[in-house]
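A.B. asks: Predicted model and sequence below, questions to follow.
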Amino acid sequence: MFTRTIEPAFYDTDALGHINNTRLPAWFELARNDLFRLFTPDLDPGQWRLIMARMEIDYRAELYYGHDIEIRTYLTRLGGSSFTVTQEAWQSGRLANLGHAVMVHYDHRDKRAVPLEGELREALAAHLQDAEAVDA
């Protein structure tokens, strides 16, 4: 599991006084950088080997300015050429948001999915967790 701490900025809030729901996709993407480095260590876009096939976020509770947010990132599925990244946003000891993104190992030149094999697959498997434990 990868973890990142986000310190919300004042501009992340909305008129209702909590963190705007549009910030979570950006924070989740930022927190996926640790995972992206398994594919492209220097994050060079010219060498990028991934595409996103799906993203969803469950907003379970509000997040607030003035309190750090911990983003936890791990895998809940590892397929032949795709995998599911699950992310949790925690604040003040509670799970506030849960997201899932399906990523595909992809060859942009040939426009096709590429199998997840060898050391890359082993590195991804090290971050695999049981999905049922997350949704409990």
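C.D. replies: Nice, thanks for sending it over.

A.B. asks: low pLDDT regions in the protein?
C.D. replies: 131-136 (pLDDT under 70).

A.B. asks: and Ile71, which of the three is it?
C.D. replies: Under DSSP: H, G, I helix; E, B strand; the rest coil, Ile71 falls in the strand class.

A.B. asks: same question, Gly66
C.D. replies: coil.

A.B. asks: How many neighbouring residues does the closest residue in space to it that isn't next to it in sequence have?
C.D. replies: Closest residue to Gly66 apart from its sequence neighbours, by C-beta to C-beta, 6 or more residues apart in numbering: Pro8 at 7.5 Å. Just so you know, the C-beta spots here come from the backbone N, C-alpha and C atoms, and that holds for glycine as well. Residue neighbour count, defined by other C-beta atoms under 10 Å, stands at 20 for Pro8.

A.B. asks: ok, now Asn33?
C.D. replies: Asn33, neighbours per other C-beta under 10 Å, totals 12.

A.B. asks: what sits against it?
C.D. replies: Listed by C-beta atoms under 8 Å, 6 or more residues apart in numbering, the contact set of Asn33 reads Leu43.

A.B. asks: Quick check: it vs Gly80, distance?
C.D. replies: In this view, Asn33 and Gly80 are 24 Å apart by C-beta to C-beta, to the nearest Å.

A.B. asks: can you check His67 too?
C.D. replies: For His67 relative to Gly80 (C-beta to C-beta), the value is 40 Å.
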